[in-house]
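J.: One predicted model, sequence on top.
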Number of protein chains: 2
Amino acid sequence: MTQTAAILIIGNEILSGRTQDTNANFIALQLEELGITLKEIRVIPDIHETIIATAQQFHKGYDYVFTTGGIGPTHDDITAECIAKAFAVKLEQNARAYEILLAHYGAENLTDARLKMAQIPVGAALIHNPVSAAPGFKIENVFVMAGVPKIMQAMWEHVKTFLAAGEPIISVTVSCGLPESAMAEQLGVIQERYPALSIGSYPYFRMGAGGVSFVIRGTDKAAIDKAAQEIVAAVQKMGSAVSLF
Amino acid sequence: MTQTAAILIIGNEILSGRTQDTNANFIALQLEELGITLKEIRVIPDIHETIIATAQQFHKGYDYVFTTGGIGPTHDDITAECIAKAFAVKLEQNARAYEILLAHYGAENLTDARLKMAQIPVGAALIHNPVSAAPGFKIENVFVMAGVPKIMQAMWEHVKTFLAAGEPIISVTVSCGLPESAMAEQLGVIQERYPALSIGSYPYFRMGAGGVSFVIRGTDKAAIDKAAQEIVAAVQKMGSAVSLF
């Protein structure tokens, strides 16, 4: 049984379009490598009730939950207090987080705003932040990380030590210059022959030229290679060049 | 009362990390210009029950729902049949969609796979696709678009003619090289003074240098400018250069 996961992106700046989120894609690729199935990505605004309700729903619905955003020092950073409420625990100054911030800023610069970043839900384990010191945290199956990609990615190094890897998902891509629809029928037949694999069809348009990539995914390398060869043969039969990678 | 919206991205390729979604960001920016409030972005897999349930929930929960992905000719394109089920209507060959595909492909090349793209829920209005002919559709408040960004963006030109624009949201950004936490307290005070505005704080790290952008959003230009000037003054008081745009 493979483990499931969901990503919760917390941030008005994504919903306003100001920022293009890249954290979800980073985490998705990492989970793929670990053989953990990502079931959902959700982007929600900085609203207390929405964060609390979604965190509770995800906590119950998935094996792992990864949140990004809202753990900084300013008034719009409300993730820690919301996660505490979601788990019905208190938010308190974490002694270890305090030490970390003290070492980083020094006593004279450890302002109230910065101290806010030591407020962690009771019972949570800290997530190491080698970039800007202020830690993330993990409470049960929920991992709370920063929104700045560079910090989030640094935190991920620690997060992944908590995760139970599954069977790695293998993926093979067959690309050709045919229109997607030309291959649709044969592709459906091949998919039926390999019900344990997931075969996706993704048309593309680049520099005026079009084509399609067929992506075969699963955990059985031999079956994937066989299905890929059947697709390659079907493409070649239609007189098109084909690449496999 | 401003209109609300949600985006539903349908596609295993986003969840596997193979593809970085950019459609949500495109739509988010368009909605911002139109003064429509984007409340949620959700990425879900190509699973019938998930698509049906989410479409129903979004249909009831938001004024506008925008979906992307899953309307092509292959076996993994299941969005149209799922949306039909979500609205408890039949999926049938749409006469106008048939004409469009016939004109585009010609009778001899209009295969069964391509004809699948003329299958539209009963009662839906077509969305024009000037790139690759196969139309999207609109049923009640749900707009169903292609996943390929170039096609989705072309469809958007038609989609936006259906939308009731609200008061445009104005956004002003104040950036400086201070650490985010240095300004946290003053920023909280300014936010309290302007409860109708949303003031966000977004630290950044570029080329080794760090800083923070404060983004003031709302519909009242005069109030936004006043709040921005207060933030500028607070930054300058701390001895930092500041830029406003």
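T.: Received it, and whenever you're ready, just let me know what you need.

J.: can you pull out the helices in chain A?
T.: Ranges of helices in chain A, per DSSP state H, are A:12-15, A:23-34, A:48-61, A:79-86, A:95-105, A:112-115, A:149-159, A:184-193, A:221-237.

J.: So what are the structural domains in chain A, by residue number?
T.: Chain A breaks down into these domains under automatic domain parsing: A:4-162, A:170-244.

J.: rewinding a little: who wins for proximity to B:L115 among the helices of chain A?
T.: helix A:184-193 (10.3 Å; Cβ to Cβ). In this view, the C-beta of every residue, glycine as well, is placed from N, C-alpha and C.

J.: I'd like the helices of chain A as JSON lines, with distance to A:A165, mean pLDDT and mean neighbour count appended.
T.: Shown next, in JSON lines, are these (distance: least, Cβ to Cβ, whole Å; pLDDT from 0 to 100; neighbours: other Cβ atoms under 10 Å in any protein chain shown):
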{"stretch": "helix A:12-15", "distance to A:A165": "29", "mean pLDDT": "96", "mean neighbour count": "24"}
{"stretch": "helix A:23-34", "distance to A:A165": "5", "mean pLDDT": "96", "mean neighbour count": "21"}
{"stretch": "helix A:48-61", "distance to A:A165": "20", "mean pLDDT": "98", "mean neighbour count": "16"}
{"stretch": "helix A:79-86", "distance to A:A165": "25", "mean pLDDT": "98", "mean neighbour count": "22"}
{"stretch": "helix A:95-105", "distance to A:A165": "27", "mean pLDDT": "96", "mean neighbour count": "16"}
{"stretch": "helix A:112-115", "distance to A:A165": "36", "mean pLDDT": "93", "mean neighbour count": "18"}
{"stretch": "helix A:149-159", "distance to A:A165": "13", "mean pLDDT": "97", "mean neighbour count": "19"}
{"stretch": "helix A:184-193", "distance to A:A165": "27", "mean pLDDT": "94", "mean neighbour count": "18"}
{"stretch": "helix A:221-237", "distance to A:A165": "17", "mean pLDDT": "95", "mean neighbour count": "16"}
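
J.: Make CSV out of these and add distance to B:N129.
T.: Shown next, in CSV, are the helices of chain A (distance: least, Cβ to Cβ, whole Å):
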stretch, distance to B:N129
helix A:12-15, 27
helix A:23-34, 26
helix A:48-61, 34
helix A:79-86, 40
helix A:95-105, 53
helix A:112-115, 50
helix A:149-159, 34
helix A:184-193, 17
helix A:221-237, 25
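
J.: Including distance to chain B, could the ones you listed go into a markdown table?
T.: Output for those, formatted as a markdown table (distance: least, Cβ to the nearest Cβ, whole Å):
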| stretch | distance to chain B |
| --- | --- |
| helix A:12-15 | 5 |
| helix A:23-34 | 3 |
| helix A:48-61 | 8 |
| helix A:79-86 | 13 |
| helix A:95-105 | 8 |
| helix A:112-115 | 3 |
| helix A:149-159 | 5 |
| helix A:184-193 | 3 |
| helix A:221-237 | 12 |
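
J.: Indicate which one of those helices is closest to B:T2.
T.: B:T2 lies closest to helix A:12-15 among the helices of chain A, at 13.2 Å (Cβ to Cβ).

J.: and the closest one, what does it pack onto?
T.: Helix A:12-15 sits against strand A:37-44, helix B:23-34, strand B:37-44, strand B:198-206, with contacts defined as 3 or more Cβ pairs under 8 Å, 6 or more residues apart in numbering or on different chains; DSSP states H and E.
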